[in-house]
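Peer 1: Sequence plus predicted model, see below.
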Amino acid sequence: MPRLYSDPTSRCWAEISSHTLIHNLNSLPVPPSSVMAVVKANAYGHGVDLVVPVLASGGVKNWGCASVAEGCAARDILAKIGDDSGHNVYVMPATPLSDVDLLVERRLTPYCTDFELAKALSACAVSAGKTAALHVEVDTGIGRAGSAPADLADFVKAVRALPGIRITGVCTHFTAADDPDGADDALMQHKIFTDALATLDQEWLGGVTVHASNSPAVFRLGGARHDLIRPGLLLYGIGPCESMIDGKEGFFPYRPVMTLKAKVLLVRRLAAGATISYNRTYRLEKDATIATIAIGYGDGFPRRLSNIGTVLLPGGLEAPIRGRVCMDQLCVELPDNSGVKVGDEAILIGKSGSKEISALGIADLIQTTPHEITTSLLPRIERVLV
């Protein structure tokens, strides 16, 4: 990503901590070689070009992407750091048939439950004189993709008969492992998965990679770790849900990797009765000091935080958002004599003093998933490795 500003910290930016990322990786209950680092959606908004080299230096060899384009980007990053060999890059959602040539050419491993994809991959691999790898996904309840458990043995047998194809893994995905009441549901899904695995040739199965666990299942279902785990949120230090924060339910005390910052552009004193931002959704009840901050929904910061969100300022000062979040700016109300001045750094996600704003906290406030908070941050917010 080319620099958008001569100084990346001139407006708003996200600081990505390499030390914290490695801490989270090494705090997982399996070695890095058994981790598929999920780096889809620009590494959950953290910057895939920053995250992949750091995790590769920590021993990660498996990468989860959401499209062929993302998989190719991951391959390019690995090649740039001279570390492309011995890495497995997976394309997890269903892949269009038109992309099979890139799957073969760039050595990408798709999840596959569609025999048409397997046939197309086979034909392309044979034509190129290569062998293509794939992982078979089993639908144990997610409902969006996967072989029916009852059909798994026949599907695997049919795919194994195709030339130029090698099944290197079998997997499933949990639908509610992050739900506070979802443990029983996840256990049921895992039993469906293991029952389906039992229908396969066990000698053959012993030679392929079996995986199931996303971030919440890593700790809730230790028996579902198998050969590989697929952490996303946990790597980036984001709690999947409130009950899984900082040591609860056996979760490790992960640390947020991202700190989202923006500059204070203006500090102004406004009289009682003044309205703030578009559509006059906030009116001052008394004279107040208002600071304008250089971030808005045009950067991917949620407009839904209008009049309900907060910002942290130097010294752990908490300032409420007043009025509508604009495309490029937002306004906050400062306590009297706060000392905040133009050029100070505001924290939108992260810590200041004893106060913290987390992605999960923002998600709870606007009733969404924490995934949305960081993945929505747009390229206009520069990512800076610290």
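Peer 2: Now that the structure is in, tell me what you want to look at.
Peer 1: contacts, neighbours, all on C-alpha from now
Peer 2: Will do.
Peer 1: And for the residue nearest to residue 196 when sequence neighbours are not counted, the neighbour number?
Peer 2: Spatial nearest neighbour of residue 196, chain neighbours left out: residue 149 (5.2 Å); criterion: C-alpha to C-alpha, 6 or more residues apart in numbering. Neighbourhood size, residue 149 [other C-alpha atoms under 10 Å]: 19.
Peer 1: Same check on residue 202?
Peer 2: Count around residue 202 with other C-alpha under 10 Å applied: 10.
Peer 1: Number the chain from 28, please
Peer 2: Renumbered: residue one is now 28, and that last one reads residue 229.
Peer 1: Identify the residues contacting it.
Peer 2: Not one residue lies near residue 229 by C-alpha atoms under 8 Å, 6 or more residues apart in numbering.
Peer 1: Look up how far residue 235 lies from it.
Peer 2: With distances taken as C-alpha to C-alpha, to the nearest Å, residue 229 is found 10 Å from residue 235.
Peer 1: Residue 342 now?
Peer 2: 53 Å.
Peer 1: now swap in residue 55 and tell me
Peer 2: Distance of residue 55 to residue 235, given as C-alpha to C-alpha: 22 Å.
Peer 1: For those two, work out which one has more neighbours and name it.
Peer 2: The residue with more neighbours, out of residue 55 and residue 235, is residue 55; 21 against 15, by other C-alpha under 10 Å.
Peer 1: that older thread, so who does the residue nearest to residue 223 touch?
Peer 2: Residue 176 neighbours (C-alpha under 8 Å, 6+ apart): 165, 166, 167, 219, 220, 223.
Peer 1: same check, this time on residue 281
Peer 2: Taking C-alpha under 8 Å, 6+ apart, one finds 50, 51, 54, 261, 264, 265, 273 in contact with residue 281.
Peer 1: want to throw these into a markdown table with pLDDT?
Peer 2: A markdown table is the format used below for the contacts of residue 281 (pLDDT from 0 to 100):
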| residue | pLDDT |
| --- | --- |
| 50 | 95 |
| 51 | 95 |
| 54 | 92 |
| 261 | 91 |
| 264 | 93 |
| 265 | 92 |
| 273 | 53 |
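Peer 1: between those, which is closest to residue 388?
Peer 2: Closest approach to residue 388 among these (C-alpha to C-alpha): residue 265, at 9.9 Å.
Peer 1: Return the distance of residue 167 relative to residue 217.
Peer 2: Taking C-alpha to C-alpha, one finds residue 167 at 8 Å from residue 217.
Peer 1: Could you list the low-confidence segments of the stretch 128-277 of the chain?
Peer 2: By pLDDT under 70, the low-scoring segments of the stretch 128-277 of the chain are 207-209, 268-277.
Peer 1: quick one: the spatially closest residue to residue 368 that is not a sequence neighbour and residue 319, what's the gap?
Peer 2: The shortest distance from residue 368 to any non-neighbouring residue, by C-alpha to C-alpha, 6+ apart, is to residue 294 (6.4 Å). As judged by C-alpha to C-alpha, residue 294 and residue 319 stand 7 Å apart.
Peer 1: Break this protein down into its domains, please.
Peer 2: 45-273, 285-412 (automatic domain parsing).
Peer 1: Distance to residue 35 added to those, as TSV?
Peer 2: Below are the domains of the chain laid out as TSV (distance: least, C-alpha to C-alpha, whole Å):
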stretch	distance to residue 35
domain 45-273	14
domain 285-412	6
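Peer 1: So which of the ones you listed is nearest residue 39?
Peer 2: Proximity to residue 39 (C-alpha to C-alpha) singles out domain 285-412 among those, at 3.9 Å.
Peer 1: which residues of the stretch 278-413 of the chain fall in helices?
Peer 2: In the stretch 278-413 of the chain, the helices defined using DSSP state H, counting those that start in this stretch lie at 386-392, 397-402.
Peer 1: how about the strands in the stretch 228-377 of the chain?
Peer 2: Counting by DSSP state E, counting those that start in this stretch, the stretch 228-377 of the chain has strands at residues 236-238, 285-297, 302-303, 309-310, 315-320, 337-340, 344-347, 357-361, 372-379.
Peer 1: Point out the most buried one among those strands.
Peer 2: Per residue and on average, the most neighbours among the strands of the stretch 228-377 of the chain fall to strand 357-361, with a mean of 25 (mean count of other C-alpha atoms under 10 Å).
Peer 1: excluding its backbone neighbours, what's nearest the most centrally placed residue in the chain?
Peer 2: Per C-alpha atoms, centre = their mean, the C-alpha nearest to the average position across the chain is that of residue 71, at 2.9 Å. Leaving aside its chain neighbours, residue 71 sits nearest to residue 402 (4.8 Å; criterion: C-alpha to C-alpha, 6+ apart).
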